[in-house]
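Enquirer: Structure, please.
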Amino acid sequence: MIEAIATYFAQNGADWLQMVAEHLAISATALLAACALALPLGVACSASALTERLAGGVAGVFRVIPSLAVLILCVPVLGVGTPPAVAALTVLAIPPILINTAVAFRSVPAAVIEAALGMGMNRAQLFFSVKCPLAFPLAFAGVRTAATEVIASATLAAYIGAGGLGVLIYTGLGALRSDLLWIGGLSVALLSLLVNRGLALVDARMRRYERAGR
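Expert: Here you go, the predicted structure:
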């Protein structure tokens, strides 16, 4: 097995790097699209307990829909390739970002908001200087969760010709080659861990103010 894996990388190293790049591109596009939709919607839904619960309910419905089902539904409209894969992964990524963002902004203490308003802050200053820093940890945790789920599920992109590391897995299944299955599976797992670690470093850097205040 190890010899077969080593032989694959010796002969197809460039192809593997291309699949990694495709996997990252599809995942990043879907995650950015989900953030662009879910973050402002989450902030808007944090305005009241009712809208927060409504957002959670809608996001929960989206969360139980399998990505493969969304992918199949998108193919007749968007065709094959990258667009339907990005659409399906965006739907997958929206729920954790939306729920966490709504809860995060809803959880900002009312006393802090009143104190900021009492200091003369306007609504824009209150949002960017008070609410955003306090809500960031929980909201960003949703982004990290979404990123992990998207990278793991992006293997489905190969099913409709969008490329990525899923090509190795589907080829391994079709050709009964366990070496390709191991390479594909471990590559996706390692990529997910690396991205999660990178986002954790971003999180730590953005929250330096917490350590400075201690």
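
Enquirer: can you pull out the helices in this structure?
Expert: Defined through DSSP state H, the helices belonging to the chain, from first to last, are 2-45, 49-64, 67-78, 82-106, 110-118, 123-125, 132-153, 166-175, 178-206, 208-212.

Enquirer: where among these is the average confidence lowest?
Expert: The stretch with the lowest mean pLDDT among the helices of the chain is helix 208-212, at a mean of 59.

Enquirer: didn't Ala135 look like it was pressed against Val112?
Expert: No. Ala135 lies out of contact with Val112 (CB atoms under 8 Å); the separation is 11.1 Å. Bear in mind the C-beta positions are built from the backbone N, C-alpha and C, glycine included.

Enquirer: Of these two, which one has the most company?
Expert: Neighbours were tallied for Ala135 and for Val112 using other CB atoms under 10 Å; the higher tally belongs to Ala135 (23 against 13).

Enquirer: follow-up on the earlier one: can you tell me which of the helices of the chain is packed in deepest?
Expert: Relative to the other members of the helices of the chain, helix 82-106 carries the highest mean neighbour count by mean count of other CB atoms under 10 Å, namely a mean of 24.

Enquirer: Next, the angle helix 2-45 makes with that helix.
Expert: Interaxial angle, helix 82-106 versus helix 2-45 (axes from the mean of the first three to the mean of the last three CA atoms, to 10 degrees): 50 degrees.

Enquirer: Fine, thanks again, bye for now.
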